[in-house]
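**Q** Provided below for reference: sequence and predicted model.
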Amino acid sequence: MNSVAKELLGRIRREGSINGQIIKVDRFLNHMVDPLLIDRLGVELAGRFADREIDKIITAESSGIMIAQALARHLGVPFIYAKKKRPLTMPEFFAASSYSFTKEESTTLYVSREVLQEGERLLFADDFFAVGSTFKAIEQIIEQAGATLVGATVIINKSDRRDIEAILTMKDLTA
Ligand code: G4P
């Protein structure tokens, strides 16, 4: 396990909790936020994608924004966050809905046609990968745009998918 993964695991054990499948990280990651920790996570994940051709990072509101920003900054590209409410200033858009099992509600994600162009290469980033409903909606949006998904990365991957680049997996958390 690398040093930033060890640091994150230590923070979860000391300041958060692991309750079955639910990881509490709201004192440093997704409610109160430690910007220096986020930055170190961004450096680590950016390093893993340094040799890929990436035009933009894409995430969804709200907790994905911090990690997408850190990653984008270190890869030197912009990031897009899909919005959960469509503003009046977004007349032309791509949209897809995702069902949240933790919140038991369906949400539509919107991305303006002004920020996502055909042929662009996108990297998906988020805080958690649980069942992948957010990821699926983002995949649909990328497809609607005729853009390409080049990979996916999260801070904590709770699923069995091995194609999602993560700092920690459930195995690390329960070891
Ligand atoms: P998904 O993330 O793979 O799409 O699965 P799921 O529908 O279960 O996740 C719904 C929401 O719950 C997501 O946030 C996700 O980040 C969050 N989540 C999933 N697992 C955990 C966990 O173990 N701990 C915590 N703290 N959150 C978890 P969201 O609804 O998209 O929005 P937001 O909270 O980022 O605004």
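**A** Looks like it arrived, so ask away. Here the structure is a predicted model, which is why all the values come from computation and not from measurement. Numbers count the residues shown, from 1 in each chain.
**Q** centre-most residue in this structure?
**A** Central residue of the chain (Cα atoms, centre = their mean): D126, 1.1 Å from the mean position.
**Q** mind listing the strands for the chain?
**A** Secondary structure of the chain by DSSP state E: the strands cover 17-19, 22-24, 56-60, 79-82, 93-100, 105-112, 121-129, 148-157, 164-169.
**Q** chain center to the fifth one, what's the gap?
**A** Taking Cα atoms, centre = their mean, to the nearest Å, one finds the center of strand 93-100 at 15 Å from the center of the full chain.
**Q** in that strand, what counts as buried?
**A** Using 16 or more other Cβ atoms under 10 Å as the test for burial, strand 93-100 gives F93, F94, A95, A96, S98. Any C-beta I mention is one placed from the backbone N, CA and C, and that applies to glycine too.
**Q** which one of the strands of the chain is the most hemmed in?
**A** Most buried of the strands of the chain by mean neighbour count (mean count of other Cβ atoms under 10 Å) is strand 56-60; its value is a mean of 26.
**Q** and V43, how many neighbours?
**A** 14 (other Cβ atoms under 10 Å).
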